[in-house]
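Asks: structure of the sequence below:
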Amino acid sequence: MSKKTASKKPSGHEIAGRVEIVNGHGGLSLLKIKTPGSTAEIYLHGAHVAGFQKNGEPPLIFVSAKSHFAAGKPIRGGVPICFPWFGGRDGEPAHGFARLTEWQLVKTAAAPDGTVTVTLALPEIPGREAWKNLRTEFVVTVGDKLTMELTTANESCDGVVEFEACLHTYFHVGDIGAVSVSGLEGAAYLNFAEGDNAAPRPAESFPIRINRETNRTYCGTTSAVEIRDEKLHRVLRVEKSGSQSTVVWNPWTTQKMPEDWGANEYLNMVCVESGNVKADKISLAPGKASVLKVVLSSTALK
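Replies: Numbering: from 1, shown residues only. Below is the predicted model:
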C-alpha cells in the first residue's frame, strides 16, 4: 500500500461514538463509522466505501491487499464510483474521474435508530468544464444494511447531459468456487470476457457460476441480485433502484490486471455492479435529477 503525506482532515463532522475522522492508508482522510450493529469505512478520496461489516460476520466488502491509497490512483476494491463514464476512454482515466477526486464532506448525522448517514459532494474540477453543470452527491447510510445513493442533477438552463454511472461493488466471498449469483435469469447480456465487440448473449435460466474470467454486462434489468456463498454460509443481497444495468465481474487468472491486485485474490471476491452503462446511459434534461440507489444486506444461508 502506498504511503503519502497525511491530508488535512475535515473538521466539525465527527460524532462521538459514531463517526471518527482519521488518517487512513496513505494518509488519506478516512471516516470510521460505528453503529450498534455494524462498522464501515469511507475514504474522501473517491467518496470510496472501503469497508462494511455487521457485528459477528465476515466483511461484506472486499479490498485488495495490494491496493494503492494515493492521490491520483484508484482504490482497488470496496465500492468505486464510476462516473461520469464507465470503462475506458481515450486519453482519460478508466471509469471516469470521480474515483480519483477527493470529495467534500458535507455532513454526518446519527439517527435515533442507531444508523449513521454521511453526505459527500463531488467538487467542481478544473479542466472538466464539460461536466460543470452536473451537481453530484453521494449519501451513505450505515446500519444493519448499507445504503448508497448517488444523485446527479443537471443545473444547466438549456443543455442535455449524457453520462454513465455505476457503483462498482467488490463483495468478499469465502471461495469463488462455492458461489452462485442469481436474479439475472431471463436477462440477455454482453460477454466482454470475449472482447469489446462481443455479440449479445441470450438469457440463461440458471444462476451464474464463476469458473473462468467473467465480465458480463446486463442491460435493461432492474432486478435484485443475490450472491449465495456456501463457504461463509450467507446470502448477500443487492437491491437497487434508478438502475437499468448490472455488471458481474471476476478477472480469474486470465485477465491482465495492474500491480494493485494480488494473483490469488480472485478466489475471494466477486463484483456485482449496479448502474446505468452502455445502452442504459443517462440523458439528463436541464433541471432534472437522476438517483441511483443500492442497498446491500446479508442473511444466513438456509
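
Asks: OK, contacts around Ser67?
Replies: For Ser67, the contact set (Cβ atoms under 8 Å, 6 or more residues apart in numbering) comprises 1, 25, 75-77, 260. In this view, the C-beta of every residue, glycine as well, is placed from N, C-alpha and C.

Asks: Glu213: what's it in contact with?
Replies: Contacts of Glu213 (Cβ under 8 Å, 6+ apart): 193, 250-255.

Asks: just the contacts of Ser67 now: which is nearest Ala188?
Replies: Gly77 (28.7 Å; Cβ to Cβ).

Asks: state the distance from the residue nearest in space to the middle of the chain to Thr119.
Replies: Compute the mean C-alpha point of the chain, and by Cα atoms, centre = their mean the closest residue is Val79, 2.8 Å away. Going from Val79 to Thr119 by Cβ to Cβ, to the nearest Å gives 16 Å.

Asks: which of the contacts of Ser67 count as buried?
Replies: By neighbour count, with 16 or more other Cβ atoms under 10 Å, these hold 25, 75-77, 260 as buried.

Asks: pick the one among those residues closest to Phe171.
Replies: Gly77 (9.9 Å).

Asks: now that closest one: closest residue in space, sequence neighbours ignored.
Replies: Distances taken as Cβ to Cβ, 6 or more residues apart in numbering put Val63 closest to Gly77, at 3.4 Å, once the chain neighbours are dropped.

Asks: can you report how many residues lie near that neighbour?
Replies: For Val63, the neighbour count with other Cβ atoms under 10 Å is 24.

Asks: over to the one 10 residues further on?
Replies: Residues contacting Lys73 under the criterion other Cβ under 10 Å number 19.

Asks: now swap in Pro93 and tell me
Replies: Neighbours of Pro93 using other Cβ under 10 Å come to 15.

Asks: got a list of what it touches?
Replies: Contacts of Pro93 by Cβ under 8 Å, 6+ apart are 74, 100.

Asks: and the pLDDT at it?
Replies: At Pro93, the model reports a pLDDT of 96.

Asks: now it: how far from Gly220?
Replies: In terms of Cβ to Cβ, Pro93 sits 27 Å off from Gly220.

Asks: state the next helix or strand along the chain beyond the worst-scoring helix or strand of the chain on mean pLDDT.
Replies: Lowest on mean pLDDT, DSSP states H and E among the helices and strands of the chain sits strand 200-201, with a mean of 88. The helix or strand immediately downstream of strand 200-201 is strand 208-209, counting by DSSP states H and E.
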